[in-house]
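[1] task: produce atomic coordinates for the following.
(chains A and B)
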Amino acid sequence: MMSRLSFPLYTLCMVSLLGALACQGGLNSGSQAAPKPSPQGDDGPSVMLTDMAKDMVTQPDQGDMGEPVVAPVASGNQLEQGPLFMCAGAPSASAPRLRRIGRNEWTRTTANTAGSVAGKNPFDPLATHQFETYDEGESVDETTLEIYMDGLQEAASIWHTERYKNNRSKTVLDEPSIKCFMAQTTTKPDDACVETFTRYLLERSVLMRPALDEEVASLKALALKELEREATLERTRRATTVQIVSGAWMMGAALFRAELGQGQPDEHGRLRLSDWELAQAISYALDGRAPGAPGRFTKVGYTAEFEGHLPLLADAARQGTISDVATIEQLVDAYVGGVDPKRMDVAFDNDDDRRLSRRGEFWVANGVREFFQQWLGYGQVDTVFKDSPVATSAYAGDSIVSIGYGNLLSGFYGHEPTLIQQLDDTIARIVAEDKEVFATLLTTRRFYTPATAGYSLKGQLKTNRIYNIDADTAQTREARWVELPATERAGVLTHPAWLAAHALAFENDPNVVHRGKWVREKMLCGMVPALPITVEAAFDPETRDQSARQRMSEQVDNRQECGGCHTLMNPLGYPFEIYNHAGFLRATDHGAPPSGQSVLVAMPDASLNGPVRDAVELSERFAASPYVKRCFIRQVFRYYAGREETMQDACTLSSMERAYDESQGSFKALLTSLFSSETFQYRWSQPGER
Amino acid sequence: MWHRRDFIKGLGLGAGATLLMPLLREVWADEAQSKPRRFVIFVEGNGVEPRALLSPATEAAVEATGASLAGARYLYRQYKHDSPIIVPNAGLGLASSLTALGAGPGVSSLEGKAAVILGLTSKITGGGHSTEYGALSCTRSQTGRPAGATIDHYLSGLGAVRDATPFRAVRLGVAGTNTRLNYATCAFGERKPAPIITEPTTAFNTLFGSVASAAGRSKFDDRKQLLDFAAKDMQRTLGAFAGSSPERQKLEQYLASLEDMIERQTLVESMGEQLQAVKPADPADEPLYTSSDPLERFAIQADMATAALLGGLTNVVVMSMGTGASNFSLNYESLLQMYPGQDMLGGHDVRHAAEKGNQPFIDILHAVTREQIKSMAKMARALEATPEAGASGTMLDHTVMLYMSDNGEKHHSNAEEWAMLMLGGQAIGFKTDGRSVVYPKHKNANNRQVSNVFNSLGHAAGQDLNDFGADDGRIAQGPLSELWS
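    Next comes the predicted model:
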């Protein structure tokens, strides 16, 4: 029934099964490899594949009936990195697309919170997408629709809330033109009032752009029908309003945001995004919500005024300046991040001032926080089970530290930031300060840590031990910022949240493989073949008393048939063995001193080769590598462009790199460059043309 | 191919279709031209211990082949035999987790409607905490990435199975996370996870909102209005859309979803009387809908699935309890008395303690299985008490129920023994006559796999299904003659 897997996965498995030679062929051969002749000839884009990717695509499979299978466009880690940053001046654009709204995007744009019923909407990304911003193949199937409709009335939460109640929004309550409709009377509003209401609803709360007349007419028809039902059912105006808002949020235009372009094609066959399409594209990429999305009232005040969130973006769209580089630069500068002691950005989801006051003072936009969480993969660390989290650390056997670790994940006791939030805040400072962001990410020793002084619950007492801090930390922001020893930590890859997210349940599990695989794929933009189905990847249970290093070296490293894949991962994972599975620094490792030693060979950047002492040195080496920096830029491109890079994006990627280098490593410059690029602002006019 | 949806459209039916629905149901029933066939699969997350389903008579029969099972927790390691052992009248109700099969006050024994299957492997799926979609698809799947359709989806797509039911399949369960959906077990196809509804109130509104109290009925009508509006709006949008084919497909899929739901609403509306007769308690009147105990929520979900079967809403059900790698660490509050010191431990910790041979925690795991099988037996008895319309026997005779795990035999599973309980289905060929069947262990001659059980389900559904799942590592094609003919 499944006699043949689809071509990419099948070929990957074959690569694996063929053993070491095939896999080692996947090692990138150099950071600045010369461009190779285009396999598609002069008319097509020049596609530079890694050797491993070439194995995948040069011998395509055939369909069940013998028909040729069209090879997919090579993208992402399949591509050799050097040519990706060589701009030959070719015009660039993206495919026109409809972007189905995402879970967080819907929640925020409807002014609801992540923890609310609305936050459980089913608009999750496809599991195959590296980043949640990817849109390929995402629509609304029957089950998704069913679940969506169950919580749909939450979309109207700001529309039926009375003045002086929580969740109210100035965007709704302070607009005089809709009061004729919102008044809680039995008098049926006149036709003009209904039209004004439906247009305002669409433009300021749902579509978040000027509504087309046909869109208004469509919703107005529903509104008139529901007003009739209101009289028949003796229903309140509030209930009628909920039904109309629900209807608005079922319109195709509400669920599928267009990036199709407008006007006539240019000489290259491209259409430019309309001002509102571009404003929305930037707004969703940057903050995961629409420009002008309504704010709501919280215990610490309104999250946005009458104009809503990101009002400058909406203004720029109205004024027709949104595509100007200078405007984009100002918008990015205003909305990427900064300092806010009140932390109103997180108040949107949790307005408990006791928690807000314990967070770091630096904030970043939702789209920045989520980029780093998704790239580094630490956003779900709280779901990763750890058996004896303190094992092999200086706190082995200390149950209070173990309990504290659990609280670092759950945040159940007290109001200190969780482990995830600590890394969020550590990164936020780096982004907000905006100097050599990439290198600082990998080398900073200034971590935001939890306070412990003055607490009495077990779960709060020793939570800072995860950072090897033995003394109590005072309940001030200044005290929570701690400079950790140079021998212990350097940057995000040595942060406990990252270390725990990429490790299994036990300290001597094959965490080397998991961490090494992540580094190969996400830090070096390389490829690792999928696990062959004939391989049972598990250590011999009889060796459970040995260290992970011993188990790995004796059961995997010395077996030639494993080398093809594991040489891509293990040398990059061993440096992290100075930490246990939960991110604690090891004090001992099964009777021997902890060791992070490794030897890197055949790395894509020759400067990375050689012996490595531990993860601290590895991080510092990565921070100095132009090759690794380029991979970081590729990750930024993927998240904010909402797709994987192709060879056609070479000019955009090289412009991003130049902007970054010339600005002394500014993340804002990276984003400004991308948002101003042809890739971001243009769409091919003919579907599938490029 | 003729589809009932085309038929509705061909007739130009809209809201007026309600009056014709009984007639349409008869037409669709004729389409099936076969006896009713229902399939119910209970899936327990993170392991079903084979010993929990092992009756003394079965143990004795296996030991008679030279195996020593005394004290052995993982039975497969001890098996010596090379051909299936069939134990008739195996006294199944004496197994530690199968007590619900026995007769009791006011209930008859189900032992004569049951079979226990031991010794099956499914190495292709891998083991570990969970095989995710692997258990029901017999493929090696990764988290969030099914490698193929699961058996429930395969069965629910067959006309002879779906008959005239509005829901292809009903998937309900309980998960460890605070979400309404569990996407970790079922799949519509490769890379297409299918959700299981894990919140009982949501399940009730989905299945029985049309016959709920006045407030519930009003919600049903509101939904109908919104669906009609959105479908019209999407038709307008598509008419004006000039974008590319892949993007157009997104809109078309949404419109198709809207039309499917409108069709379902219409059909459900036509079934009001029969749904009214079977609907479970309204969430407003039943606190167990929001119980903090997962076993109580599971029981409510099972009652809901039972009502869905009795009411003709579906012929395929999946019931899941904590399936998927992130969902099995549950706090079984109703079993608190069994916890040492009555200190509640998370389900993950319970399993680790049991892995170390700690008997109280092994007992808790057996009790968890027992409680779920109690819900399964309750469902079976409800079906047994209902004569099959238009066919001989009871609904249980036409419904095969399977109980299995999502990873094999234990917490950190090797996928080497997948113990199963089968109930009912005698009218569609299953030999559920109180027997046990113990297959030879992994690598012994005549070992059989989970995929063979699913092949058997396919045959019972009227299909010549012999190679369900991935081919790699397949031991034998076809159904299991010891359990189906």
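
[2] where do the helices sit along the stretch 351-485 of chain B?
    Using DSSP state H, counting those that start in this stretch, the helices of the stretch 351-485 of chain B run over B:359-384, B:450-460.

[3] buried deepest among those, which one?
    helix B:450-460 (a mean of 26; mean count of other Cβ atoms under 10 Å in any protein chain shown). Backbone N, C-alpha and C define where each C-beta goes, glycine included.

[4] not counting residues beside it along the chain, what's closest to residue 189?
    Since you didn't name a chain, this refers to chain A. A:F181 (4.9 Å; Cβ to Cβ, 6 or more residues apart in numbering or on different chains).

[5] sorry, I should have been clearer: chain B.
    B:A149 (4.7 Å).

[6] tell me who's in contact with the one you found.
    Each residue near B:A149 by Cβ atoms under 8 Å, 6 or more residues apart in numbering or on different chains is listed here: B:S137, B:A187, B:F188, B:G189, B:E190, B:K192.

[7] which phi and psi values does the residue nearest to A:P189 adopt?
    Note on A:F181: its backbone torsions stand at phi -90, psi -40 [degrees, to the nearest 10].

[8] quick check: it touching A:T187?
    No. With contacts counted by Cβ atoms under 8 Å, A:F181 stays clear of A:T187, the gap being 10.5 Å.

[9] in the stretch 251-400 of chain A, which segments are predicted with low confidence?
    For the stretch 251-400 of chain A, applying pLDDT under 70 flags the ranges A:383.

[10] how about the residue in it that chain B sits nearest to: what's its closest non-neighbour residue?
    At 4.2 Å from chain B, A:G252 is the closest residue in the stretch 251-400 of chain A, using Cβ to the nearest Cβ. Closest residue in space to A:G252, ignoring its immediate chain neighbours: B:T237 at 4.2 Å, by Cβ to Cβ, 6+ apart.

[11] and that neighbour, how many neighbours?
    20 (other Cβ atoms under 10 Å in any protein chain shown).

[12] isn't it right up against B:R248?
    No. Using Cβ under 8 Å, B:T237 is not in contact with B:R248; the gap is 10.4 Å.

[13] for B:G312, which three-state class applies?
    coil (DSSP: H, G, I helix; E, B strand; the rest coil).

[14] isn't it right next to B:T165, touching?
    Yes. Assessed by Cβ under 8 Å, B:G312 is found in contact with B:T165 at 5.9 Å.

[15] of these two, who's got more company?
    Taking other Cβ under 10 Å, B:G312 and B:T165 do not tie; B:T165 has more neighbours (24 against 20).

[16] the more buried one should be in a helix, yeah?
    No. Under three-state DSSP, B:T165 sits outside any helix and is assigned coil.

[17] distance of it relative to chain A?
    According to Cβ to the nearest Cβ, to the nearest Å, B:T165 stands 15 Å off from chain A.

[18] list the buried residues for stretch A:617-626?
    Buried residues in stretch A:617-626, counting neighbours by 16 or more other Cβ atoms under 10 Å in any protein chain shown, are found at A:E617, A:L618, A:S619, A:E620, A:R621, A:F622, A:A623, A:S625.

[19] from these, which ones fall inside helices?
    Those of the buried residues of stretch A:617-626 mapping onto helices are A:E617, A:L618, A:S619, A:E620, A:R621, A:F622, A:A623, per DSSP state H.

[20] give the contact list for the second one.
    Neighbouring residues of A:L618 by Cβ under 8 Å, 6+ apart: A:L493, A:L572, A:P575, A:G596, A:S598, A:V612.

[21] go ahead and confirm the fifth one touches A:P575.
    To tie it back to what came earlier, the one meant is A:S598. Yes. Contact criterion Cβ under 8 Å: A:S598 and A:P575 qualify, at 5.2 Å.

[22] which residues do those two both contact?
    With contacts defined as Cβ under 8 Å, 6+ apart, the residues shared by A:S598 and A:P575 are A:V612, A:L618.

[23] with neighbour numbers in mind, choose between the two.
    Taking neighbours as other Cβ under 10 Å, A:S598 and A:P575 compare with A:P575 leading, 28 against 24.

[24] where does chain B dip in pLDDT?
    Looking along chain B with the criterion set at pLDDT under 70, you get B:1-34, B:142-144, B:177-178, B:191, B:215-216.

[25] what are the ranges of the strands in chain A?
    With DSSP state E as the criterion, chain A has strands at A:97-100, A:256-259, A:270-272, A:297-298, A:301-302, A:337-339, A:362-364, A:446-448, A:481-483, A:598-600, A:610-612, A:682-684.

[26] tell me the most buried of these?
    It is strand A:362-364: most buried of those by mean count of other Cβ under 10 Å, with a mean of 25.

[27] which other helices and strands contact that one?
    On a contact count with 3 or more Cβ pairs under 8 Å, 6 or more residues apart in numbering or on different chains; DSSP states H and E, strand A:362-364 meets strand A:337-339, helix A:344-347, helix A:419-433.

[28] looking at these, which one is packed in the most?
    Of the helices and strands packed on strand A:362-364, helix A:419-433 is the most buried (mean count of other Cβ under 10 Å), at a mean of 24.

[29] sorry, back to before: distance to A:R272 added to the helices and strands packed on strand A:362-364, as JSON lines?
    Formatted as JSON lines, the helices and strands packed on strand A:362-364 follow (distance: least, Cβ to Cβ, whole Å):
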{"stretch": "strand A:337-339", "distance to A:R272": "29"}
{"stretch": "helix A:344-347", "distance to A:R272": "32"}
{"stretch": "helix A:419-433", "distance to A:R272": "30"}
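
[30] same list (those) but as JSON lines, adding distance to chain B.
    Formatted as JSON lines, the helices and strands packed on strand A:362-364 follow (distance: least, Cβ to the nearest Cβ, whole Å):
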{"stretch": "strand A:337-339", "distance to chain B": "29"}
{"stretch": "helix A:344-347", "distance to chain B": "19"}
{"stretch": "helix A:419-433", "distance to chain B": "16"}
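
[31] closest one to B:V318 among these?
    Between B:V318 and the helices and strands packed on strand A:362-364, the shortest separation by Cβ to Cβ is 32.6 Å, and it involves helix A:419-433.

[32] ok, residues contacting the closest one?
    The contact list for helix A:419-433 (Cβ under 8 Å, 6+ apart) reads A:336-339, A:359-360, A:362-364, A:368-369, A:372-373, A:376, A:378-379, A:381-382, A:408-409, A:411, A:417, A:437, A:440-441, A:444, A:446-450, A:466, A:481, A:492, A:495-498, A:500, A:667.

[33] near chain B, which residues of the stretch 1-150 of chain A?
    Taking Cβ under 8 Å from any Cβ of the partner chain, the part of the stretch 1-150 of chain A that reaches chain B is made up of A:1-3, A:5-6, A:95-98, A:100, A:120, A:122, A:124, A:126-128, A:136-147, A:149-150.

[34] now which of those would you call buried?
    A:1-2, A:5, A:95-98, A:100, A:120, A:122, A:124, A:126, A:138-147, A:149-150.

[35] OK, contacts around residue 170?
    No chain specified, so I'll use chain A. A:K170 neighbours (Cβ under 8 Å, 6+ apart): A:P294, A:G295, A:Y302, A:A304, A:E305, A:F306.

[36] switch to chain B, please.
    B:V170 is in contact with B:L207, B:A305, B:A308, B:L313, B:T314, B:V316, B:V317, B:V318, counting by Cβ under 8 Å, 6+ apart.

[37] could you check how far the second one is from chain A?
    According to Cβ to the nearest Cβ, B:A305 and chain A sit 16 Å apart.

[38] A:E416 against A:L461, yeah?
    No. At 11.2 Å, A:E416 and A:L461 do not qualify as touching, with contact defined as Cβ under 8 Å.

[39] looking at these two, which is more packed in?
    A:E416 (26 against 19).

[40] excluding chain neighbours, what is closest to that one?
    A:P450 (4.3 Å).
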